[in-house]
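Peer 1: okay, predicted coordinates and the sequence, questions at the end:
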Amino acid sequence: MNTEFGRGAAPIGRRRLLTIAGAVAGLSAIPHVHAQSAWRPSGPVKLVVTFPPGGATDILTRMIAPGLSEHLRQPVVVENRPGATGSIGSAHVYNAQPDGTTLLIGAPDALSIYPNLSKTPYDASKFVPLAMLGTTAFILLARPGLPANNLQEVIALARKQRLTIANAGIGGSGHLVSLAFCQAAGITDATHVSVGGMAPAMQGLMGDHYDLMFSVVAGSAQLRGKLKFVGVAAAERVGAVSEVLTFAEQGLRMQNENWIGVLAPPSTPANVVAELGKSIGDIVASSTYKAKAAELGFVAPAMTQVEFRQYYEQDVRKWAEFIRSSNVKLN
């Protein structure tokens with residue numbers, strides 16, 4: 001689910017982007033402890049990002065590119081192919097040669113959610129998961145003038161009067177998490193407003209046009225002081241917004257996160273999958289990468305290629321079941 005993980009996210013501030021980008025070169029020096037591999041790509045490797053440049057996903061991708069290039073001994077380039085909730089870039093990779101030279105930087109909206117809502121030009125179950133780049137928890141945001149300052153006050157208010165909950169689009173991750181929140185909190189009468197992009201939704205919330213919305217920490221941390229940060233739907237507090245209580249700390253058992261990962265086209269050979277998964281996993285496991293990912297609001301969990309595949313399959317099942325049980329349909 002998404003901030004940019006939604007549509008039309010505003011890019012991360014230029015100063016912050018330059019600060020984070022300054023560490024990217026250092027990631028190329030991360031040591032690799034591989035035995036000599038039989039597989040190397042035949043040419044440059046393309047990492048296809050389904051969001052515009054400048055957002056958190058784009059930055060994470062550019063952070064792994066130098067180290068991956070060094071290990072594979074080929075240039076690694078980042079190509080942005082946004083549009084259609086990630087379907088354009090996903091379809092491009094799906095139809096690419098399965099030779100390890102065209103990889104997808106994937107996220108739930110295009111892979112776990114929309115294939116369960118409408119026909120897509122790819123079968124998401126056939127992508128080959130390689131490595132997790134990071135997860136980022138959802139955070140409940142409130143307009144500055146809302147007469148509620150914590151989760152229980154928000155829930156009490158929502159049970160007394162109809163509140164508006166903005167989202168980037170019907171069927172997107174933000175919309176589904178909003179529905180899950182209302183179910184968990186016993187809120188039976190709320191108006192879900194699809195604004196057509198995260199940036200206009202955020203702007204509307206800051207202008208007191210909507211009452212609430214869900215974003216992810218990676219797309220919200222810079223908005224301290226402009227919005228009320230009600231709570232994070234995470235197992236524990238998130239470093240980038242460490243002052244914000246979890247939902248569990250405020251009496252509501254609900255967790256939900258978004259993820260970013262690298263996937264290969266269907267039928268990619270096992271030796272290619274193993275090499276790429278191990279190479280990217282080593283970069284993600286480095287302290288330099290973890291620290292910079294944390295600045296963006298991500299956690300970089302240690303996962304093998306097999307563990308990420310299991311995580312991906314479970315995420316697809318989770319959202320398929322929720323969509324069916326909640327009878328979510330696109331207009």
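Peer 2: Noted; the coordinates are in hand. Note that this is a predicted model, so its numbers are computed, not measured.

Peer 1: how about Y122, nearest residue that isn't a chain neighbour?
Peer 2: Y94 (3.7 Å; CB to CB, 6 or more residues apart in numbering). Backbone N, C-alpha and C define where each C-beta goes, glycine included.

Peer 1: mind listing the helices for the chain?
Peer 2: With DSSP state H as the criterion, the chain has helices at 14-21, 24-27, 56-72, 87-94, 108, 151-160, 173-185, 198-206, 270-284, 287-296, 305-326.

Peer 1: any idea which of these gets closest to E236?
Peer 2: Closest to E236 of the helices of the chain is helix 287-296 (CB to CB; 13.1 Å).

Peer 1: how many residues are close by the residue nearest to Y122?
Peer 2: By other CB atoms under 10 Å, 21 other residues sit near Y94.

Peer 1: check M213 too.
Peer 2: M213: 31 neighbours (other CB under 10 Å).

Peer 1: with the one 10 residues further on instead?
Peer 2: For L223, the tally of surrounding residues (other CB under 10 Å) stands at 18.

Peer 1: what does G196 give?
Peer 2: A count of nearby residues for G196, using other CB under 10 Å, gives 14.

Peer 1: do the same with N116
Peer 2: 18.

Peer 1: quick check: it vs L176, distance?
Peer 2: 10 Å (CB to CB, to the nearest Å).

Peer 1: overlap of the contact sets of these two?
Peer 2: Jointly contacting N116 and L176 under the rule CB atoms under 8 Å, 6 or more residues apart in numbering are 319, 323.

Peer 1: and the longest strand along the chain, how far out from the chain's middle?
Peer 2: In the chain, with assignment by DSSP state E, the single longest strand is strand 128-142. Distance of strand 128-142 from its chain centroid, counting by CA atoms, centre = their mean, to the nearest Å, is 4 Å.

Peer 1: avg pLDDT for it?
Peer 2: Average pLDDT, strand 128-142: 97.

Peer 1: now do stretch 203-217
Peer 2: Stretch 203-217 comes out at a mean pLDDT of 96.

Peer 1: report the buried residues of that stretch.
Peer 2: Buried residues in stretch 203-217, counted by 16 or more other CB atoms under 10 Å: 204-205, 210-217.

Peer 1: now do that stretch: distance from first to last residue.
Peer 2: Criterion CA to CA, to the nearest Å; first-to-last residue distance in stretch 203-217 is 17 Å.

Peer 1: try stretch 180-197
Peer 2: End to end - CA to CA - stretch 180-197 spans 20 Å.

Peer 1: buried residues in that stretch?
Peer 2: So stretch 180-197, judged by 16+ other CB under 10 Å, has buried residues 180-182, 185, 187, 190, 193-195, 197.

Peer 1: just checking, P108 touches D315?
Peer 2: Yes. Assessed by CB atoms under 8 Å, P108 is found in contact with D315 at 6.2 Å.

Peer 1: for the two, work out which one has more neighbours and name it.
Peer 2: P108 (25 against 18).

Peer 1: gap between that one and G171?
Peer 2: Counting by CB to CB - P108 and G171 are separated by 12 Å.

Peer 1: equivalent analysis for S287, please.
Peer 2: Distance of S287 to G171, given as CB to CB: 38 Å.

Peer 1: pick out whichever of the two has more residues nearby.
Peer 2: G171 (22 against 9).

Peer 1: and that one, how far is that from T136?
Peer 2: Taking CB to CB, one finds G171 at 20 Å from T136.

Peer 1: widest-spaced pair of the buried residues of stretch 180-197?
Peer 2: So, these by CB to CB: farthest apart are A185 and G197, at 25.7 Å.

Peer 1: let me have the buried residues of stretch 203-217 in CSV, extended by distance to A264.
Peer 2: Formatted as CSV, the buried residues of stretch 203-217 follow (distance: CB to CB, whole Å):
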residue, distance to A264
G204, 38
L205, 37
Y210, 39
D211, 42
L212, 38
M213, 34
F214, 30
S215, 29
V216, 25
V217, 28
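
Peer 1: show me the contacts for Q305.
Peer 2: 129-131, 273-274, 277-278, 281.

Peer 1: kindly report the same for A65.
Peer 2: 24, 47, 76-78.

Peer 1: these in strands, which ones?
Peer 2: Reading strands off the contacts of A65 with DSSP E, I get 47, 76-78.

Peer 1: of the residues you listed, select the buried ones using a ChimeraX command.
Peer 2: Buried residues among the ones in strands among the contacts of A65 (16+ other CB under 10 Å), as a ChimeraX selection:
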select :47,76,78
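
Peer 1: and the ones in strands among the contacts of A65 as CSV, adding pLDDT and distance to G251?
Peer 2: Supplementary listing: those in CSV, determined by pLDDT from 0 to 100; distance: CB to CB, whole Å:
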residue, pLDDT, distance to G251
L47, 98, 41
V76, 98, 46
V77, 98, 48
V78, 98, 42
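
Peer 1: which member of the ones in strands among the contacts of A65 is positioned nearest A166?
Peer 2: V78 (30.3 Å).

Peer 1: wait, the closest one touches L47, no?
Peer 2: Yes. The pair V78 / L47 is scored as a contact, 5.0 Å apart, by CB under 8 Å.
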